[in-house]
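1. What would the 3D arrangement of this be:
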Amino acid sequence: MSYNQEKLQNQFVILRWIVLFALTFYFLQSFPEARFYTLLLFSLGLLYLLAYHLLRPYSRFSSRKIDGLILLIDTFFVVMISPFFGGLAGNAYLLYLAVILESVYEFSLLGAFFVIGGILLLNASIYTLTHSPFWSPSSFLKEPLRILATILIVLAGSIFCQVQKEEILKQKETLKNLQERIKQLSVLGKIVGTERFLFDFYALLNFILSPVKEALRAETLIISLREGDTLVHQVVIGKGKETLERKRMKINHNLPSLTIKKEKTLRVEPKNLTQFSRELKCFSFLNPNTVISAPIKSEEGIIGVVTAINKEERKIFSPDDAEFLGIATHHFRAMIKESILRQELHQKINELTAMSQIAQVTTSTLKLVDLLNQVLQVLIKLFDASSGSIMLVEKGLLKIRAAHGLHPSIVKRARRKLGEGISGYVAQERKSLLLTNPLEESKLKGVKESIRDSVIAPLEARENVVGVVCLNNENGKNRFTSEHLRLLEALSNQIAIAVENARIYELTQRKSVTDQLTELYNHAYFWERLNEEIERAKRHSHHLSLIMIDIDDFKKYNDLFGHLKGDDSLRTLSQILKTQIRKSDIAARYGGEEFAIILPETSMKKAFVLAERVRKAVEENKDKFLSPLTISLGVATFPTSAQDAKSLLQQSDFALYDAKKSGKNKVCSKK
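-> Below you'll find the model as predicted:
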């Protein structure tokens, strides 16, 4: 109810009290013998008025129903007392009644006139019954001037009330707008009073934008923050969240970019949609009918844009809405700026923590496989990624050497030339990438892979690309930002150096146990592994076989072709041995033209079969030598042939001598 309506009702209440006291005074003066009934009537009236004022706020009925009931009772009272006070009191009441009917109950002018006319007829009937000395229906009807005067008074009062009604309706609309404005201002109050110690950047943005969206009655509200020459939709509330959130947009021909260039709030109405068709293309899937875009200004310039969007069937944004959004952005700019600084600090702390974790991993092991797997697990946890891999450059190809969340078949098959695919592009160009869906074809010509959300960085050490690290998100949200990319770039340098060091260590280790000529294990490593395998066989009660190999008549071969060609033949023989043995077997150059093969968990029978296969392979590859070469082989097995490493070697040597004595190019064994 408006202020004017309340004022009218207050005046009406005063009139009720005046009528009650006037009626009591009249009866006490005119009928002293009925004093008891007069006081009883006064008490009842007093109770009625007190009950009305005290109980009305707690009534379960609506105020309009209560007011209607009171209006009927009041009308009855005034009609009853009008004969005693003359037409003046009745006409005064009728004027107030007209005001109430037209303003509070919003009767039309004609409706109010008919109601008041009916009350006049009722008043005339009461006059007749009470034989009032003032006037009667017959005298009333015989006086046209009195009829005309009464009608004119009621008509004038009704017209006056109609004017009052229009004013009240205007005030109602103004009050409605004011209430909406107050609601918006309360939103600003919430923004200003927001707790400044919210460390979650995105939670803060959601917190301050939600009431703004509600106050504007917007279908979609977007806050986009500036990162160089792009805008990132950091938070999207409402429709389009899954499509737009964390998306990047170039600052060029779109409404947020135009807002940045003009440095003022822009409002798009249905009538000028065509004018902004190009600028609204980025939001076309939302079918915008009305849009507001307000810049977020700071001392350094515009740091972002807030955009409110509504469809055709929803509310059209007004100039007041545009002004409100501009004021709102002004109020929470400081919070956003502070939160950005806090986020940067938090990211710096995360970066230092990550570097510390990577450093701990890289110093805890020098085994390349263990290093890569541990580093990848740290990255997966740090970036909250769903999958990832580390690829290393090996003989001109990128191969996956550590993986998380990828199918084994992908890991096994993945091979990329430098410049091929996304990983090949990153390795060749030495350029990190932040990929969202769809891919930017201009950057990746020829790339057909489709990754929803990835950060990829090259691993560079000592000016050489040693590999590529890739982290993926496949949960439908573009979560990675330029900050994630920057962090991965910082960590990739540290990882690359660790990988290179591990490779150098492994190479050094390999050289220390490898024969330089044949690239088989050397004599020292052979003895180390033979003793280890004997001990393991004892613990688990397994067999262990040993094959000793000697090239037949190799001195003649060297005398005929020279020692350099002899070295070539030793290398060729080593390659043949590698192709015939298992991964678990250990092939070594024992010395000169002698070789040995350790066969863990292998019986005499199986070892003899393998030795025969090796002999045939050498015999069948005679075209790889300058003249045909053959080998003799001796086989011995633990624990049947010997009980320790030296005895096992001695027994296999005896078997080899037996093969030599029996004509060479054959396999013999010692049981």
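2. Going by C-alpha atoms from here, please, whenever you check contacts or count neighbours.
-> Fine.
3. who does the helix or strand harbouring Ile422 touch, helix- and strand-wise?
-> When elements are assigned from DSSP states H and E, Ile422 belongs to helix 421-429. Contacts of helix 421-429 with other secondary structure elements, assessed using 3 or more Cα pairs under 8 Å, 6 or more residues apart in numbering; DSSP states H and E, are made with strand 415-417, strand 453-461, strand 464-473.
4. Return the most buried member of those.
-> For the helices and strands packed on helix 421-429, the stretch with the most neighbours on average is strand 453-461, a mean of 25; neighbours defined as mean count of other Cα atoms under 10 Å.
5. give me the low-pLDDT residue ranges for the protein?
-> Within the chain, the stretches falling below the threshold (pLDDT under 70) are 1-42, 44-201, 245-246, 312-314, 334, 339, 343, 347, 436-452, 475-479.
6. So which residues of the stretch 501-650 of the chain form strands?
-> Ranges of strands in the stretch 501-650 of the chain, per DSSP state E, counting those that start in this stretch, are 544-551, 586-591, 594-600, 631-638.
7. Among these, which comes closest to Asp515?
-> If you check each of these against Asp515 by Cα to Cα, strand 586-591 wins as the nearest, at 6.9 Å.
8. Not counting its own residues, what contacts the closest one?
-> 515, 518, 520-523, 526, 577-578, 595-599 (Cα atoms under 8 Å, 6 or more residues apart in numbering).
9. Selection in PyMOL covering whichever of those residues are buried, please.
-> The PyMOL command for the buried members of the contacts of strand 586-591 (criterion: 16 or more other Cα atoms under 10 Å) is given here:
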select buried, resi 515+518+520+521+522+523+526+577+595+596+597+598+599
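10. Among the contacts of strand 586-591, which one sits closest to Ser277?
-> Distance ranking of the contacts of strand 586-591 against Ser277, using Cα to Cα, places Lys578 first at 69.7 Å.
11. Contacts only, for the closest one.
-> Under the criterion of Cα under 8 Å, 6+ apart, the contact list for Lys578 reads Ala587.
12. residues in contact with Ser257?
-> Contacts for Ser257 were tallied using Cα under 8 Å, 6+ apart; they are Ile251.
13. if I look at it, how far off is Glu300?
-> In this structure, Ser257 and Glu300 are separated by 17 Å, where distance is defined by Cα to Cα, to the nearest Å.
14. Give me the nearest residue to His233, chain neighbours excluded.
-> Setting aside the residues directly before and after it, His233 is nearest to Ser224 in space (Cα to Cα, 6 or more residues apart in numbering), at 4.2 Å.
15. still on that earlier bit, export the following helix or strand past the helix holding Ile422 as PDB, just CAs?
-> Past helix 421-429, heading to the C-terminal end, the next element that is a helix or strand (DSSP H and E) is strand 433-436. Taking C-alpha atoms only, strand 433-436 is exported to PDB below (Å, rounded to 0.1, in the frame of the first residue of the first chain):
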ATOM      1  CA  LEU A 433      50.700 -25.000 -26.900                       C
ATOM      2  CA  LEU A 434      47.400 -24.500 -25.000                       C
ATOM      3  CA  LEU A 435      44.800 -26.400 -27.000                       C
ATOM      4  CA  THR A 436      41.000 -26.200 -26.600                       C
END
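16. quick one, phi psi at the closest residue to Ala502 other than its chain neighbours?
-> Once flanking residues are discounted, Ala502 sits nearest to Leu366: 4.9 Å by Cα to Cα, 6+ apart. Reported as degrees, to the nearest 10, the phi and psi values for Leu366 are phi -110, psi 10.
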